[in-house]
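**Student:** from the sequence below, what's the structure:
(one chain, ligands or ions: 1)
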Amino acid sequence: MTESDIYALDGKRVWVAGHNGMVGSALCRRLADEACDVLTASRNDMDLRTQADVEDWVADRRPDLIFVAAAKVGGILANDSLPAEFLYDNLMIEANIIHAAYRQGVEKLVFLGSSCIYPRLAPQPMGEELLLTGPLEDTNQWYAVAKIAGIKLCQAYRRQYGCDFISAMPTNLFGIEDNFDLASSHVVPALMAKMHRAKQDGAASVEVWGSGTPRRELLYVDDCADALVHLAKTYSGEGHINVGTGEDLTIAEIAAAIAKVVGFEGELAFDRTKPDGTPKKLLDSRLLNESGWRPAISFEEGLRRTYAWYLAHKATQ
Ligand code: GDP
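**Tutor:** From the prediction side, this is the model:
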């Protein structure tokens, strides 16, 4: 416990909901450095979309702190093509966990959202106060609406019942344990897998969706987990907190950086029939920075770690 900490993890029972996902597994790695007990539930234990399952599990296991890292997630195409799943699954998961946490008197809960909660054409960088000031990006509005509801649930339970539930909004994430399936993944794992395959096959070019001009801010997942643990220890308030690096790159620059790490030397073929999505979504992470947190892993280093993991776990040689 340092001086600025207001919540101690020592001896606490910490449930990482969604521990098999990219963020959940990074949280488990990070929490291994704390003197707390990490609780996890498998899909066989319960369906997070079923209220009775979640209520029973929380009543039985009695966590002190919950990280809501469970969500139906996916890249631009998955979001656009599975609107019902992205809205329903995420609403149910967060409502069930937050309500069960209130009913069982859980001390603290950290809800995770994403930078897509902000209006499509929000001024950049996007401060927390821009929430609900304009229309959302079409391609991921379903996910965004669910995540905005999650922020509001945390605020409502804080106001009405005094629950210490906080929300963190990470920027676009990447890293080990990411989803490399081309139909549902985000840009970094998708381009890494495509470039790896192209290198193996000696292909002359790789398809990059869209125009290459949208800008994205990318945070390595272990940095994100570190920020979330920092917030659990140091923050208690109604407002959600942005979690980003403060820097963004164009998709063309991101593709070039991945090509370098993978060792792919061919052309990038931009497919303008695929959607660009939001032109730019750079978070203003000043509140987090002022609370004493900074990312530690550069984009290039994150890419190297991710590619090493991909080679060891996913790549077919
Ligand atoms: P977004 O941040 O919600 O738009 O999610 P993504 O990470 O899926 O996409 C970010 C940007 O990368 C969009 O402009 C995509 O069109 C672009 N992009 C380029 N190539 C790919 C690809 O192979 N897969 C994905 N998912 N996005 C790509």
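
**Student:** tell me which element Ser236 falls in.
**Tutor:** If you go by DSSP states H and E, Ser236 is not part of any helix or strand.

**Student:** that one touches Asp164, doesn't it?
**Tutor:** Yes. With contact defined as C-beta atoms under 8 Å, Ser236 counts as touching Asp164 (5.4 Å). The C-beta positions use only the backbone N, C-alpha and C, and glycine is treated the same way.

**Student:** which of those two has more neighbours?
**Tutor:** Between Ser236 and Asp164, counted using other C-beta atoms under 10 Å, Asp164 has the larger neighbour count: 20 against 13.

**Student:** ok, the more buried one - contacts?
**Tutor:** Contact analysis of Asp164 by C-beta atoms under 8 Å, 6 or more residues apart in numbering lists Tyr7, Glu107, Lys108, Leu109, Arg158, Ser236.

**Student:** residues touching the lowest-mean-pLDDT helix or strand in the chain, excluding its own?
**Tutor:** Every helix and strand in the chain was compared by mean pLDDT, DSSP states H and E; the lowest is helix 76-81, with a mean of 88. Helix 76-81 has contacts (C-beta under 8 Å, 6+ apart) with 86, 138-140, 142-143, 183-184, 186-187, 209, 274-275, 277.

**Student:** what about that helix, near the ligand?
**Tutor:** Yes. Counting by C-beta under 6 Å from any ligand atom, the ligand has neighbours in helix 76-81: Ile76.

**Student:** identify all contacting residues around the helix or strand just after that helix.
**Tutor:** Next in sequence after helix 76-81, counting helices and strands by DSSP H and E, comes helix 83-103. If you take C-beta under 8 Å, 6+ apart as the criterion, helix 83-103 is touched by 17, 48-51, 53-55, 57-59, 66, 68, 70-72, 74, 78-79, 106, 109, 111, 140, 142-143, 145-147, 149-150, 153-154, 157, 161, 163, 165.

**Student:** please pick the buried ones from those residues.
**Tutor:** Buried by 16 or more other C-beta atoms under 10 Å: 17, 48-49, 53-55, 57-58, 66, 68, 70-72, 74, 78-79, 106, 109, 111, 140, 142-143, 145-147, 149-150, 153-154, 157, 163, 165, out of those.

**Student:** cross the residues you listed against helices and list the overlap.
**Tutor:** 53-55, 57-58, 78-79, 142-143, 145-147, 149-150, 153-154, 157 (DSSP state H).

**Student:** can you show me the strands along the stretch 101-250 of the chain?
**Tutor:** Applying DSSP state E, counting those that start in this stretch to the stretch 101-250 of the chain gives strands spanning 108-112, 165-170, 172-174, 205-209, 215-216, 218-220, 241-243, 249-250.

**Student:** among the ones you listed, which is nearest the ligand?
**Tutor:** For the strands of the stretch 101-250 of the chain, the distance to the ligand is smallest for strand 205-209, at 3.5 Å, taking C-beta to the nearest ligand atom.

**Student:** distance from that closest one to the middle of the chain?
**Tutor:** Computed by C-alpha atoms, centre = their mean, to the nearest Å, the chain-centroid distance of strand 205-209 equals 25 Å.

**Student:** what's that strand packed up against?
**Tutor:** Strand 205-209 sits against helix 187-201, helix 251-262, strand 267-271, with contacts defined as 3 or more C-beta pairs under 8 Å, 6 or more residues apart in numbering; DSSP states H and E.

**Student:** so who does the residue in the stretch 1-150 of the chain that the ligand sits nearest to touch?
**Tutor:** Closest contact between the stretch 1-150 of the chain and the ligand, by C-beta to the nearest ligand atom, is at Gly75 (2.9 Å). Contact partners of Gly75, counting by C-beta under 8 Å, 6+ apart, are Ser184, Ser185, His186, Val187, Ala190.

**Student:** what about the closest residue to the third one other than its chain neighbours, distance to Asp47?
**Tutor:** Excluding the flanking residues, the one nearest His186 by C-beta to C-beta, 6 or more residues apart in numbering is Gly75, at 4.3 Å. Distance of Gly75 to Asp47, given as C-beta to C-beta, to the nearest Å: 24 Å.

**Student:** run a quick neighbour tally on Pro279.
**Tutor:** Neighbour count for Pro279, taken as other C-beta under 10 Å: 13.

**Student:** hang on, it packs against Gly212?
**Tutor:** No. The pair formed by Pro279 and Gly212 falls short of the contact definition of C-beta under 8 Å, at 12.0 Å.

**Student:** show me which residues of the stretch 101-250 of the chain are close to the ligand?
**Tutor:** Proximity of the stretch 101-250 of the chain to the ligand, by C-beta under 6 Å from any ligand atom, involves residues 116, 140, 172, 185-187, 190-191, 208-210, 214, 216.

**Student:** who wins on neighbours among these?
**Tutor:** Highest neighbour count within these, by other C-beta under 10 Å: Leu191, with 26 neighbours.
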